[in-house]
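Student: pasting the sequence and the predicted model now:
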Amino acid sequence: DDLTSALLAHDPTARPTMAEVRRVIGEASHPSARGSNSNSNSNSRESLPALFGRAAELAKLHIALDATANGTPGVFLLRGRSGIGKSALIAAFTRQAERDQRAVVFAGRCHERETVPFKGLDGVVDALSRHLAAASPAELGRLLPPNTADLGTLFPVLRRIPPIASAYARRASSERSKQRVRAEGFACLAEMLRRIGDVAPLIVVVDDVQWADADTATGIIELLRGAAPPSMFLLLGTRLTDASPVEVAIFGREAAPTVAALQRETLQLGDLHDDSIGQIAHRELGRHASDALVAAVARDAHGNPFAAGELVRFLREDDSGDVDPSEEMAAVTTSIDALVRRRAQSLDDAARRLLDVIVIAGEPTAAAVLLQAAEIDEGDRSAVERLRARHWVRTSRAAATGALDTVHDRVREVMLEGLDGTRRAHLHRRLAIALEAQEDPPHDRLARHFAAAGDRSLAFHHAVEAAPVAQAAPARRRAAERRGVVGGERGD
């Protein structure tokens, strides 16, 4: 089963923690508490935190989902500042929909520095591939439309599915325009989603859509338009920033008429009430939750549940979980950013080097690559475990290699601010060297890291190598951007 497979993962960092094992075993004795249709690109084996103070927002999401039952797609944009609980609300909603309505969920998220084609849909399609891989031959035959070759061209991950791989291998060798490949590939994807949505509620999640690109916006519009778009609930999470291409394409004044006619809603998450923040503090502090300490956490969190969690974790940082009374007043007067930096000072040298590399990577990256860049022996995963135990990093189960990333963007941003220019350049170079040693090096990432390290020659080389791949995606605009990463500096 899933738990056994996870425990046998080759990479120790990809194996569940004891707390995760206990949760799964507990669910096994209460099947009604389990959802079987989860295809989230997030760590689905980690227990979801209790959701406090968001009952009204959760109800609005369920009402919006119910409105798609007549076959009409719906789009819901969830907006809020960093750490306010957008991802937690999305996770709670999708888990409830899986449990209560047997919904199928395809969830992914954008990463600021990720440069894969259609990056806003990459995680969603990866989740779709896992759904198809688990389907029986008969079910697969029902779900797959004819002519899936172009879909396999757009999203190579789908070539894991034998019928799609066969169609891709037999694809016509005649020259076809990239626009036609994209149009037919997305038409195939839309039809597949429509077939899935015909038999179960379908939820497609793209979190952190503020970092989505124009290709993602175009792809989503391709899915939503047409005479018979998929009956799906598209849930987008975004920060309070300037509107992204996706937000403009769907909610902007120039939105296509077919998209403007859809059910579209937006909801801005406000600060949590102090009572809800207090509940979070009580849960985390347990028997150590004095009224004064809980009130201090609630006051300093300023309605931000992530900030509240960081304050509490700082107080419980020692292995025993006991609160250090001498730190209580410091927690009262310390800002969350300063608190993150202060926690980092207590890390040992190896764990701090690894955390700095993870911060510089800016997106989920294989643990082996990060360890090499941090100059830590690949066989020594103790630094990874220490960072996980202290809630600095999370492990993505989507990749067999156990990709690591900071537990929250807020952590990455605070730690990045603390690295001076010389240190950043050194870490970018170390990470680039480690990535370059991979069997299939990611040239787009290498171009970025070598450029940040100040090595214009190698940055230019990898930008040129990455450009044809980007064009084949297709994304000529991205190819031009990559050449421009260093082309202007070279003057050619």
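Tutor: Structure's in. What do you need?
Student: and Thr395, what element?
Tutor: Assigned by DSSP states H and E, Thr395 falls within strand 393-396.
Student: typo on my end, Glu112
Tutor: Here Glu112, judged by DSSP H and E, is contained in no helix and no strand.
Student: any buried residues in stretch 436-455, and which?
Tutor: Of all the residues in stretch 436-455, those buried under the rule 16 or more other CB atoms under 10 Å are 436, 441-453, 455. To be clear about C-beta, it is placed using only N, CA and C from the backbone, and glycine gets the same treatment.
Student: should've said stretch 93-108
Tutor: Neighbour-count burial for stretch 93-108 [16+ other CB under 10 Å]: 93-99, 101, 103-108.
Student: so among the residues you listed, where is pLDDT lowest?
Tutor: Lowest pLDDT among these: Gly108, with 90.
Student: do you know how far that one is from Asp126?
Tutor: 7 Å (CB to CB, to the nearest Å).
Student: what of Leu416?
Tutor: Going from Leu416 to Asp126 by CB to CB gives 26 Å.
Student: out of these two, which sits in the busier spot?
Tutor: Asp126 (20 against 14; other CB atoms under 10 Å).
Student: roughly how far apart are that one and Thr94?
Tutor: Between Asp126 and Thr94 the computed distance is 16 Å (CB to CB).
Student: what's the answer for Leu431, then?
Tutor: As judged by CB to CB, Leu431 and Thr94 stand 33 Å apart.
Student: can you give me the helices for the stretch 101-250 of the chain?
Tutor: In the stretch 101-250 of the chain, helices defined by DSSP state H, counting those that start in this stretch lie at 119-133, 137-143, 149-154, 162-169, 178-197, 214-224, 245-251, listed in chain order.
Student: report the mean per-residue pLDDT for the second one.
Tutor: The pLDDT scores in helix 137-143 average 93.
Student: now do it: distance to the chain's middle.
Tutor: 29 Å (CA atoms, centre = their mean, to the nearest Å).
Student: what's in contact with that helix?
Tutor: Leu132, Ala135, Ile161, Pro163, Met192, Arg195, Ile196 (CB atoms under 8 Å, 6 or more residues apart in numbering).
Student: how about the contacts made by Val297?
Tutor: By CB under 8 Å, 6+ apart, Val297 lies in contact with Ile277, Gly278, Ala281, Ala308, Leu311, Val312, Ala331.
Student: which of those residues fall in helices?
Tutor: The helices, defined by DSSP state H, take in Ile277, Gly278, Ala281, Ala308, Leu311, Val312, Ala331 from the contacts of Val297.
Student: I'd like to know how far Pro163 sits from Leu144.
Tutor: From Pro163 to Leu144 the distance is 6 Å (CB to CB).
Student: and Glu265, by the same measure?
Tutor: With distances taken as CB to CB, Glu265 is found 32 Å from Leu144.
Student: those two: which is more packed in?
Tutor: Of the pair Glu265 and Leu144, Leu144 is the one with more neighbours under other CB under 10 Å, namely 21 against 15.
Student: the more buried one: what's it in contact with?
Tutor: When the contact criterion is CB under 8 Å, 6+ apart, the partners of Leu144 are Leu132, Ile161, Pro163, Ile164, Met192.
Student: does the third one really touch Ala149, like I thought?
Tutor: Think Pro163. No. Using CB atoms under 8 Å, Pro163 is not in contact with Ala149, being 10.5 Å away.
Student: higher neighbour count, the two?
Tutor: The neighbour count for Pro163 versus Ala149, taken as other CB under 10 Å, is higher for Ala149 (20 against 16).
Student: can you pull the contacts of the closest residue to that one other than its chain neighbours?
Tutor: Computed as CB to CB, 6 or more residues apart in numbering, the closest residue to Ala149 that is not its neighbour in sequence is Arg171, at 3.8 Å. By CB under 8 Å, 6+ apart, the residues touching Arg171 are Ala149, Asp150, Gly152, Thr153.
Student: quick one: low-confidence parts of the stretch 251-400 of the chain?
Tutor: Across the stretch 251-400 of the chain, the ranges flagged by pLDDT under 70 are 314-336, 396-400.
Student: break down it into its strands, ranges please.
Tutor: Along the stretch 251-400 of the chain, the segments classed as strands by DSSP state E, counting those that start in this stretch run 263-268, 365-366, 393-396.
Student: just give me the neighbour total for Ala374.
Tutor: For Ala374, the number of neighbouring residues by other CB under 10 Å comes to 22.
Student: looks like it contacts Val357 (just checking).
Tutor: Yes. Counting by CB under 8 Å, Val357 is a contact partner of Ala374 at 4.6 Å.
Student: which residues do the two both contact?
Tutor: Counting by CB under 8 Å, 6+ apart, the shared contacts of Ala374 and Val357 are Arg430.
Student: any low-confidence regions in the stretch 101-250 of the chain?
Tutor: Along the stretch 101-250 of the chain, the model assigns pLDDT under 70 to residues 172-174.
Student: can you pull out the helices in the stretch 251-400 of the chain?
Tutor: With DSSP H, counting those that start in this stretch as the criterion, the stretch 251-400 of the chain has helices at 257-260, 274-285, 291-301, 305-315, 328-333, 336-345, 349-361, 367-373, 382-389.
Student: need the ones you listed in CSV (columns: distance to Asp215).
Tutor: Listed next are these as CSV, based on distance: least, CB to CB, whole Å:
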stretch, distance to Asp215
helix 257-260, 17
helix 274-285, 38
helix 291-301, 37
helix 305-315, 30
helix 328-333, 44
helix 336-345, 34
helix 349-361, 22
helix 367-373, 26
helix 382-389, 33
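Student: before we move on, the earlier item: now which of the contacts of helix 137-143 would you call buried?
Tutor: Among the contacts of helix 137-143, those classed as buried by 16+ other CB under 10 Å are Leu132, Ala135, Ile161, Pro163, Met192, Ile196.
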